[in-house]
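Engineer: dropping a prediction and its sequence here:
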Amino acid sequence: MSITISIKKGDKEKDVVIPVEWKDMTIKYFSDMSAIIQKHHKESKNKKEEVDVNNDSKKDIELNEIEALKMNRDLFGYVSGLTQEEVDLVDKIKINQLLGAINALSEEYKPTGAKSFVLEGEEYFFPSEFFRKETFGDYIESTQLDMYAKEMDGGRFGVLPEQMAILCRKLDEVYDEDSIPAKAEKFRGITMDTAWEFAFFLTHQNIKLKKLFPTSFQETKDHQEL
């Protein structure tokens, strides 16, 4: 489901389609929006730290409000495809309509227990129970990506297509390291309902694997903390 908002671009009216359900939004779309939000939260935090040094709480509030306005402008620009200058000319009611639609996605996703998904007419399966078909090396390679997730635009979901490219395969597919980059790029078109299903699935499997390999996980953690 999506909604359409008509906005003015120059002398013409433009219809902007806004996804309001996870199944209508791709990983790339969500990651790009997350990157915008993270950027402005980081800016706001940095400014707050600067203000705290001067012990000026009034200025702190003003800076956060300004950063929130900038974030909303950038989100509106990304979703609508308008430039910053064009966004500044849009009626505030239209901006609130769009941001309100985006906020509808803040509700917690309820997983259905899916074990596969279809993309471009081909079915890909999540890793089998206890990763029987995948090697433990495959699993380690995918979880290593999480170490860098916070440093990447889009956070955890920014790295998810690569994780899925490593672990999700067709029934007759053999793991091929050289094919992962192209496969990950293709997987950026996966919709967010599938991404959430995989994220819940992987988290569940992580818990099981930690029970199966408690010593290995502790050694890996200790090594990362050195």
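Structural biologist: Thanks, I have it.
Engineer: Val20: how many residues sit nearby?
Structural biologist: By the criterion of other C-beta atoms under 10 Å, Val20 has 15 neighbours. Just so you know, the C-beta spots here come from the backbone N, C-alpha and C atoms, and that holds for glycine as well.
Engineer: now do it against Ile95, distance only.
Structural biologist: According to C-beta to C-beta, to the nearest Å, Val20 stands 16 Å off from Ile95.
Engineer: check Met33 too.
Structural biologist: Taking C-beta to C-beta, one finds Met33 at 15 Å from Ile95.
Engineer: same deal with Met192?
Structural biologist: 23 Å.
Engineer: looking at the two, which has the bigger crowd around it?
Structural biologist: Comparing Met192 with Ile95 by other C-beta under 10 Å, the one with more neighbours is Met192, at 23 against 18.
Engineer: the more buried one - nearest residue in space that isn't next to it in sequence?
Structural biologist: Distances taken as C-beta to C-beta, 6 or more residues apart in numbering place Trp22 nearest to Met192, at 4.1 Å, with adjacent residues excluded.
Engineer: list the contacts of the one you found.
Structural biologist: Residues counted as contacts of Trp22 (C-beta atoms under 8 Å, 6 or more residues apart in numbering) are Leu105, Tyr109, Thr191, Met192, Asp193, Trp196.
Engineer: same check, this time on Leu99
Structural biologist: Applying C-beta under 8 Å, 6+ apart, the residues near Leu99 are Asn72, Leu75, Phe76.
Engineer: now name the helix or strand holding it.
Structural biologist: Assigned by DSSP states H and E, Leu99 falls within helix 92-103.
Engineer: now for the helix or strand just after that helix, which elements pack on it?
Structural biologist: Per DSSP H and E, helix 92-103 leads on to strand 116-119 as the next helix or strand towards the C-terminus. If contacts are counted by 3 or more C-beta pairs under 8 Å, 6 or more residues apart in numbering; DSSP states H and E, strand 116-119 sits against strand 122-125, helix 192-212.
Engineer: worst mean pLDDT among these?
Structural biologist: The weakest mean pLDDT among the helices and strands packed on strand 116-119 belongs to helix 192-212, with a mean of 78.
Engineer: pLDDT of whichever helix in the chain runs longest, averaged?
Structural biologist: Longest helix in the chain, counting residues (DSSP state H): helix 27-54. Mean pLDDT, helix 27-54: 77.
Engineer: if we can go back for a sec, sort out which one of the contacts of Leu99 lies nearest Glu13 for me.
Structural biologist: Glu13 lies nearest to Phe76 out of those, by C-beta to C-beta, at 16.4 Å.
Engineer: would you agree the closest one is in contact with Glu86?
Structural biologist: No - Phe76 lies out of contact with Glu86 (C-beta atoms under 8 Å); the separation is 9.8 Å.
Engineer: more neighbours, these two?
Structural biologist: Phe76 (22 against 17).
Engineer: pLDDT value on that one, please?
Structural biologist: pLDDT, Phe76: 87.
Engineer: now it: how far from Met164?
Structural biologist: Distance of Phe76 to Met164, given as C-beta to C-beta: 30 Å.
Engineer: now do Lys45
Structural biologist: Here the criterion is C-beta to C-beta. By it, Lys45 lies 31 Å from Met164.
Engineer: more crowded one of the two?
Structural biologist: Neighbour count, other C-beta under 10 Å: between Lys45 and Met164, Met164 has more, with 27 against 12.
Engineer: could you say which helix or strand contains the more buried one?
Structural biologist: Going by DSSP H and E, Met164 is in helix 155-167.
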